[in-house]
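Chemist: the sequence and its predicted three-dimensional model are supplied below.
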Amino acid sequence: MSGGRGKSGGGGRAVTEDEAELWRRLTSGLEPVKAKPRITGTPPAETPARAPPTRRPEPPRPKAPPRQAHAAAAPKRAAKPPLPLAELDRRKVRQIASGKVEVDDRLDLHGVRERDAHARLRGFLVDAQARGLRTVLVITGKGGDADQADALAPLLGEGRRGVLRRSVPRWLEEPALRSVVLGYAQAGARHGGAGALYVQLRRLQRT
């Protein structure tokens, strides 16, 4: 390789012109590497990861009130007043007393003890209504003088004379029989007069 020696810089061997030319050719197409700028100061703090949104606790549902051991009783409906008794039609009473209209059935309580007579009367009237009867005759017996009956009461007991004559009208007016009995009246002479009663029954309400 021809060429003169180049200048030496220092104590080493001097680069020849040929070597310098070869170096220029080799490095002519290269770009110098840019140095990265140095970051000064403290690095930025890392952003903390965002915590997932917390779910708001649902408000506690109101608890149902404890069931009472005994529920409050429903208010009772006011009891219906008993049906009023009606006065028997006088014209019909005269027709029955004269025999133009016959009674549908009869019950003879003469001589029956008071405690038995009450049950018999109720059973007879309820049965008569169920059979569709409208007018019945109830025989109580006339009894004697009231003062005499009271004087004989210790001897005769419940069977003393005149007891049923006073008790039967009271029984006919009891609330328990108001749905059965429409009204009553003293019977005519041919049916016993003061010792018997015509009893008119209500029509049975079919449900």
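Modeler: That came through, no problem. Numbers count the residues shown, from 1 in each chain.
Chemist: neighbours around Lys63, how many?
Modeler: Using other C-beta atoms under 10 Å, the number of residues around Lys63 comes to 6. Using the backbone N, CA and C atoms, a C-beta is placed for each residue, glycine as well.
Chemist: I'd like the numbering to begin with 7 instead of 1 from here.
Modeler: Sure, I'll start counting at 7 from here, so that last one is Lys69.
Chemist: got the confidence number for it?
Modeler: Lys69 carries a pLDDT value of 73.
Chemist: I'd guess it is in a strand, am I close?
Modeler: No. Per DSSP: H, G, I helix; E, B strand; the rest coil, Lys69 lies outside any strand segment and is coil.
Chemist: distance of Asp133 relative to Leu188?
Modeler: For Asp133, the distance to Leu188 equals 16 Å [C-beta to C-beta, to the nearest Å].
Chemist: typed the wrong thing, it's Gln211
Modeler: In terms of C-beta to C-beta, Gln211 sits 13 Å off from Leu188.
Chemist: where does pLDDT dip in this protein?
Modeler: 7-18, 36-55, 57-59, 70-85, 149-167, 213 (pLDDT under 70).
Chemist: tell me where it has strands.
Modeler: All strands of the chain, identified by DSSP state E, fall at 111-114, 141-145, 187-192, 202-207.
Chemist: just to revisit the earlier point, who has more neighbours, Gln211 and Leu188?
Modeler: Between Gln211 and Leu188, counted using other C-beta under 10 Å, the more crowded position is Leu188 (20 against 6).
Chemist: the more buried one against Glu93, yeah?
Modeler: No. Using C-beta atoms under 8 Å, Leu188 is not in contact with Glu93; the gap is 9.8 Å.
Chemist: count the neighbours of Ala26 for me.
Modeler: 12.
Chemist: how near is Gln135 to Ala123?
Modeler: Counting by C-beta to C-beta - Gln135 and Ala123 are separated by 19 Å.
Chemist: who's more crowded, the two?
Modeler: Ala123 (23 against 20).
Chemist: any idea how far that one is from Asp95?
Modeler: Applying C-beta to C-beta to Ala123 and Asp95 gives a distance of 27 Å.
Chemist: same check on Arg61?
Modeler: With C-beta to C-beta as the criterion, Arg61 and Asp95 are 87 Å apart.
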